[in-house]
Structures are given as structure tokens and as C-alpha cells.
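Colleague: sequence and predicted model, in that order:
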Amino acid sequence: MAASARGDRVLSKRGLPVFWPVIAALPVLAVLLVLGTWQMRRLHWKEAVLAQLAVAETATPVPLDSALPQPWTRLQVAGQLDHGHEVLLGAEVRGSRMGAQLVTPLLREGAPPLLVLRGWVPLDRTQPITRPEGEVTLTGYVRQGEQAGWVAAKDDPVTRLFYTFNPAAIGQALGLAPVLPFGLVVVGEAIGSQLPVPATTLPKPENPHLGYALTWYGLAMTLVGVVVAFTWRRWKEAK
């Protein structure tokens, strides 16, 4: 009877501080595991994108037909650039100059307009921009359209400055006929100081997700170790 009462006192004095940290640690552990698993899924997705980019980079450009091309497909398209409806997209600093991507509709006989990302131009416009006239043939890769996120900067159709590459929204703002739901990023070699400066390769996104996943899983293991060590110590003290 006395031993039981003494055990109850030990539990009431020492048991409570043991269980509360364990209970508090469980949701934290769950969040860390979810974050680690999410980063692993992002890792697999990014690896698939990089593999697709590697294949596309070495592929022969194909003509644009009525079929919707896959992302990153290399295309060769002919038409006439509509310089009167060019817009700027995004914001990018190169050296000490702020600039953006120059986007120009490409008009094609009997086909919807195609928005072409011709390359980077500075906002100060102190240098002339090359604007070829007549029929041109452009080579580049497919860039899919995007939807503006809740943190995206607001487009300004009046000044023709856009921050989200949404072909439908850009085409509508310019008063164009319905445009294709993707764009063409021109790939070429920069010629001296000539503007715009085209992309030279397909994009190479970083893939840090394995490191992030290991960080979250490592924190989860550390949390488990701390809780186990704390519980073991309190249990030893209670004996």
C-alpha cells in the first residue's frame, strides 16, 4: 500500500514532465517528415525535368504543326514579327543594368499568333533594338504558359510590362486574335552588343531537393534522439 502510494507520487511528480514533451514533439515530428517527403517528391519531379531537358537540348528542331508540342520541344517556326505589339516580360539584372525579356508576336498565315521571347533587353533603352522585317525563321524551345501566383507582381498592360507569362492574358491585352497557349524562346548566339540578347541554351534549373530532404529528415531524427534521451533520463531519475 505504501509502495503504491509512493509510486503514485513519483508518477505525479516526475511522470507528467515526461509525457508532455513527447506529446508536444509528435506534431513537430510529423511536420518534419511531411516536409522531407515533399522534398523527395520534388527531387523526383526535378530529375524528370532535367532528363527531359537533356533530351530536348540535343534534339533536331521540328516544325510547328497543329499538334500541341510538349514542353521544352525544340521548334523551327517561320512568320512575320509584329513589332508594333511587343511587350516586356519579367525583370532581370545583368551586370548593373535592369532589363526584361522582349516578347513579340509572330504572325503566321492561317494560324494563331505565337508569342516569341526574343531575348533580354535593358530598360534604359540607350541601345537600338534589332527588329527584322519581313519573313523570318526562328529556332528555339517551347515555354509553357503560366498562371499568376498570389505573390506575383501585377501586370501593367498600359505600359506593356508583364510579370507572368500568360499568353492568353498578354494576347487579350494587346487586342490580338487568340494566341497559342505557349511561347517560343529564341535560342542563338549573342552578336556583340546587339539587342535583344537571346538565350544560348535551354534552362538548367538547380536541383537542391535531396539536400533539403536530408535536412528535414535529419532534424526529425535529431528530435527523436532528444526526446528519447530526455525520457530515458527522467525515467532513470524516477527509479
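Modeller: Cool, the structure landed. Keep in mind the model is a prediction, meaning the values are calculated, not measured. Numbers count the residues shown, from 1 in each chain.
Colleague: the longest helix in this structure is where?
Modeller: Ranked by number of residues, the top helix in the chain under DSSP state H is helix 16-58.
Colleague: let me see the mean pLDDT of stretch 214-232.
Modeller: Averaged across stretch 214-232, pLDDT comes to 92.
Colleague: kindly report the same for stretch 129-140.
Modeller: For stretch 129-140, mean pLDDT rounds to 94.
Colleague: in that stretch, which residues are buried?
Modeller: Leu138, Gly140 (16 or more other CB atoms under 10 Å). For glycine as for every other residue, the C-beta is placed from the backbone atoms N, C-alpha and C.
Colleague: quick check, distance from that stretch to the centre of its chain.
Modeller: Counting by CA atoms, centre = their mean, to the nearest Å, stretch 129-140 is centred 29 Å from the centre of its parent chain.
Colleague: first to last residue in that stretch, what's the distance?
Modeller: Stretch 129-140 has an end-to-end distance of 19 Å (CA to CA, to the nearest Å).
Colleague: ok, the residue nearest the centre of the chain - contacts?
Modeller: In the chain, the centroid-proximal residue (CA atoms, centre = their mean) is Pro205; its distance is 8.4 Å. Going by CB atoms under 8 Å, 6 or more residues apart in numbering, Pro205 touches Lys46, Val49, Leu50.
Colleague: okay, buried residues for stretch 90-103 please.
Modeller: In terms of neighbour count (16+ other CB under 10 Å), stretch 90-103 has its buried residues at Gly90, Gly99, Ala100, Gln101, Leu102, Val103.
Colleague: fine by me, we can end here.
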